[in-house]
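Student: The sequence and its predicted three-dimensional model are supplied below.
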Amino acid sequence: MTCSEFLKELTDYLDDSLDTRTKTELEEHLHWCRNCYVICNTTKKTIEIYKDSEIYELPDDLRTRLRSAIMAKCQAKKVPPSAV
C-alpha cells in the first residue's frame, strides 16, 4: 500500500467502514510509515476534540472582516491576464 492509497481510504478507516482485508493493509502501512501514522493520529484526535463541540457562530462584524481579509489576500495573489 502506498501513502496515496492510504490517504484515499483514511476517512473510511476512521469511520470503521472498511472490509477486514483493507483495514489490515492500512494498519500494516501505519506500522512502518511514520508520516501516515501522524496524519491518521492527528486526524483522529481532531475528530475526538470537535465531535462533542457546539458550533460557534461568529459575530457578523467579525465574519465580514474575516471574509474581506480572505478575499483581499486571494485577489492579491491573482496574476493579471496580461502577465500570462
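Tutor: Structure received.
Student: mind saving the C-alpha coords of the helix or strand containing residue 48 as CSV?
Tutor: For residue 48, the element it lies in under DSSP states H and E is helix 34-51. Once side chains and other backbone atoms are set aside, the C-alpha atoms of helix 34-51 remain, and they are given as CSV (Å, rounded to 0.1, in the frame of the first residue of the first chain):
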residue,chain,number,x,y,z
ARG,A,34,5.6,7.5,10.2
ASN,A,35,4.0,10.2,8.0
CYS,A,36,0.7,8.4,7.5
TYR,A,37,0.7,7.4,11.2
VAL,A,38,1.0,11.1,12.2
ILE,A,39,-1.7,12.1,9.7
CYS,A,40,-4.1,9.4,10.9
ASN,A,41,-3.4,10.0,14.6
THR,A,42,-3.8,13.8,14.3
THR,A,43,-7.0,13.5,12.3
LYS,A,44,-8.4,11.0,14.8
LYS,A,45,-7.6,13.3,17.7
THR,A,46,-9.0,16.3,15.9
ILE,A,47,-12.3,14.5,15.4
GLU,A,48,-12.4,13.4,19.0
ILE,A,49,-11.8,17.0,20.2
TYR,A,50,-14.5,18.5,18.0
LYS,A,51,-17.0,15.7,18.0
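Student: Would you mark the buried spots in that helix?
Tutor: Within helix 34-51, the residues scored as buried using 16 or more other CB atoms under 10 Å are 36, 39, 40. In this view, the C-beta of every residue, glycine as well, is placed from N, C-alpha and C.
Student: What residues does residue 9 make contact with?
Tutor: 18, 22, 26 (CB atoms under 8 Å, 6 or more residues apart in numbering).
Student: what's in contact with the lowest-mean-pLDDT helix or strand in the chain?
Tutor: Within the chain, confidence by mean pLDDT, DSSP states H and E is lowest for helix 60-77 among all helices and strands, at a mean of 87. Counting contacts by CB under 8 Å, 6+ apart, the residues outside helix 60-77 that touch it are residue 58.
Student: same question, stretch 16-32
Tutor: When contacts are taken as CB under 8 Å, 6+ apart, the neighbours of stretch 16-32 outside the stretch itself are 1, 3, 6, 9, 12, 13, 36, 37, 40.
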